[in-house]
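Engineer: below: sequence and its predicted model.
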Amino acid sequence: MNAASNLFLGREKIRDDIWGRVFKFVDDRYMRKETEKLLDRFGITLKNINSDIVNLSGGQKQSVTVGRAIYWGGKILIFDEPTNNLGVKQERKIIDLIKRARDEFKVSIIIISHNIAHVFELVDRIIILRNGKKIGERLKEQTSTNEIVSLITGAVA
């Protein structure tokens with residue numbers, strides 16, 4: 001599927017003409033324009049909007065997924081290792097995208113990550129789990145990376 005099909009997955013826009021009313025033809029033009037507007041709002045450029053998602057970079061795939069959640073009114077986004085397996089440039093784009101979703105679209109963000117620098121850049125509250133149990137909870141302003149790493153590794157209880 002391309003980006004527009006992915007964005008409207010399960011919510012395809014039916015054409016307003018006779019073809020849509022009778023035969024339920026999908027309005028590809030509308031969905032493509034909406035996708036372009038959404039990606040433009042996020043500052044995301046795809047070489048070919050009609051290209052299959054499988055051919056996009058990891059960062060571009062993440063961007064389309066985040067865009068879909070926000071487009072359809074998502075209020076909480078959960079990211080599990082969002083920058084894992086991405087290059088430095090793509091990492092920065094995803095971090096900026098998450099910040100933009102949080103700040104401009106007022107979406108709550110939950111980050112599951114081992115990258116402490118990214119955690120401190122993106123969150124207000126940090127909850128540390130080890131072996132499925134909550135080990136600690138800190139407000140970002142009241143802790144340091146050293147304390148968080150110590151809690152993660154078990155050096156401090």
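Structural biologist: Received the coordinates, thanks. Numbering: from 1, shown residues only.
Engineer: point me to the helix or strand that includes residue 94.
Structural biologist: Following DSSP states H and E, one finds residue 94 within helix 88-104.
Engineer: identify the residues contacting that helix?
Structural biologist: The contact list for helix 88-104 (CB atoms under 8 Å, 6 or more residues apart in numbering) reads 42-44, 57-59, 62-63, 66, 70, 77, 79, 82-83, 86, 107-109, 111, 118, 121-122. Any C-beta I mention is one placed from the backbone N, CA and C, and that applies to glycine too.
Engineer: can you tell me which of these are in strands?
Structural biologist: 77, 79, 108-109, 111 (DSSP state E).
Engineer: quick check on these: which are buried?
Structural biologist: Among these, the ones that count as buried by 16 or more other CB atoms under 10 Å are 77, 79, 109, 111.
Engineer: OK, contacts around the first one?
Structural biologist: Read that as residue 77. Listed by CB under 8 Å, 6+ apart, the contact partners of residue 77 are 66, 69-70, 98, 101, 107-110.
Engineer: my guess is residue 108 contacts residue 76. True?
Structural biologist: Yes: judged on CB atoms under 8 Å, residue 108 makes contact with residue 76 at a distance of 4.6 Å.
Engineer: tell me how this structure divides into domains.
Structural biologist: As assigned by automatic domain parsing, the chain contains the domains 3-123, 124-157.
Engineer: what stretches of the chain score poorly on pLDDT?
Structural biologist: Along the chain, the model assigns pLDDT under 70 to residues 156-157.
Engineer: please enumerate the helices of it.
Structural biologist: Counting by DSSP state H, one finds helices in the chain at the ranges 3-7, 18-23, 28-41, 58-71, 88-104, 116-122, 145-153.
Engineer: so which residue is dead centre in this protein?
Structural biologist: Geometric centre of the chain, nearest residue: residue 66, 3.4 Å, by CA atoms, centre = their mean.
Engineer: for that one, what are its contacts?
Structural biologist: By CB under 8 Å, 6+ apart, the contact set of residue 66 is 42, 77, 97-98, 101.
Engineer: now do residue 132
Structural biologist: Not one residue lies near residue 132 by CB under 8 Å, 6+ apart.
Engineer: return the most buried member of the helices of the chain.
Structural biologist: helix 3-7 (a mean of 22; mean count of other CB atoms under 10 Å).
Engineer: how far off centre is it?
Structural biologist: Distance of helix 3-7 from its chain centroid, counting by CA atoms, centre = their mean, to the nearest Å, is 15 Å.
Engineer: nice, that's everything, thank you.
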